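Sequence first, predicted model second:
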Amino acid sequence: MELEPKNFLSVKGLFFSFEGIDGCGKTTQLKRFSLYLQQKNVPFICTREPGGNLVSEEIRKILLSSNFNIVPRCELLLFSASRTQLCEEVIKPNLDKGICVLCDRFYDSTTAYQGYGRNFDYNLINQLNQISTDGLNPHITFLFDLKPEIAKKRISRNFDRMENNSIEFFERVRQGFLIQARNNLRYIVLDASKTEDEVYANMIKSIEERIC
């Protein structure tokens, strides 16, 4: 869905997804963007993948735990199951009410991580993405692009199961995101190697040019 220019104060029911490899700063920028919307008096909620509700948060614990040896196909299906519950319980009801949704990851992450990272068939990934979302797509996707070597250094906590993957894996994931962003009008690609304030300023400038 292509957005038409409009006054930001009239924006309702838009779906924003925040994407990028682990350590790119997307979660930080989502929080800052939520404060921006708050200042603009735009109703919104924040959620995340996997997670965002009781069922999906339990799936998240399994997916990110280093205690489990999860085979790639199971990983793919668990992410899809979590997304299904999130869409039906959280995202769609709020969009229907005219409330903006800010989501930390959505199906583009599955395409990048399980498709490009794990080398799953892209047609299968696309089918699962459509099934899990019932055809729901973000209006705007922010992609925070960063080299894996830099991203790894930014993660100060102990790595979870996904973060423990190799630099080579994350480079494939990064390229997967960039390939998805090509010629896709809903994407806004931001250089995440800049300072937090610079990334935020570029994000706000880009979104205001897009829909204000």
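Noted; the coordinates are in hand.

Low-confidence stretches in this structure?
Residue ranges of the chain with pLDDT under 70: 1-10, 212.

Count the neighbours of Arg182 for me.
8 (other CB atoms under 10 Å). In short, each C-beta sits where N, CA and C put it, glycine included.

From Gly176, how far off is it?
Going from Arg182 to Gly176 by CB to CB, to the nearest Å gives 11 Å.

Could you do Lys92 as well?
According to CB to CB, Lys92 stands 26 Å off from Gly176.

Tell me the buried residues in stretch 199-208?
199-200, 202-203, 207 (16 or more other CB atoms under 10 Å).

Is it possible to get a markdown table of those that adds secondary structure and distance to Leu146?
Conversion of the buried residues of stretch 199-208 to a markdown table gives the following (DSSP: H, G, I helix; E, B strand; the rest coil; distance: CB to CB, whole Å):
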| residue | secondary structure | distance to Leu146 |
| --- | --- | --- |
| Val199 | helix | 10 |
| Tyr200 | helix | 15 |
| Asn202 | helix | 13 |
| Met203 | helix | 14 |
| Ile207 | helix | 19 |
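
Make a markdown table out of those and add distance to Val55.
Listed next are the buried residues of stretch 199-208 as a markdown table, based on distance: CB to CB, whole Å:
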| residue | distance to Val55 |
| --- | --- |
| Val199 | 33 |
| Tyr200 | 33 |
| Asn202 | 36 |
| Met203 | 31 |
| Ile207 | 31 |
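
Out of the residues you listed, the closest to Val42 would be?
The shortest approach to Val42 among those belongs to Ile207, at 11.4 Å (CB to CB).

List the residues that contact the closest one.
The contact partners of Ile207, by CB atoms under 8 Å, 6 or more residues apart in numbering, come to 140, 188.

What segments of the protein are helices?
Per DSSP state H, the chain carries helices over the ranges 26-39, 54-64, 72-86, 92-96, 107-110, 122-133, 148-154, 167-181, 196-211.

packing partners for the fifth one?
Contact partners of helix 107-110 among helices and strands, from 3 or more CB pairs under 8 Å, 6 or more residues apart in numbering; DSSP states H and E: strand 15-19, helix 72-86, helix 122-133.
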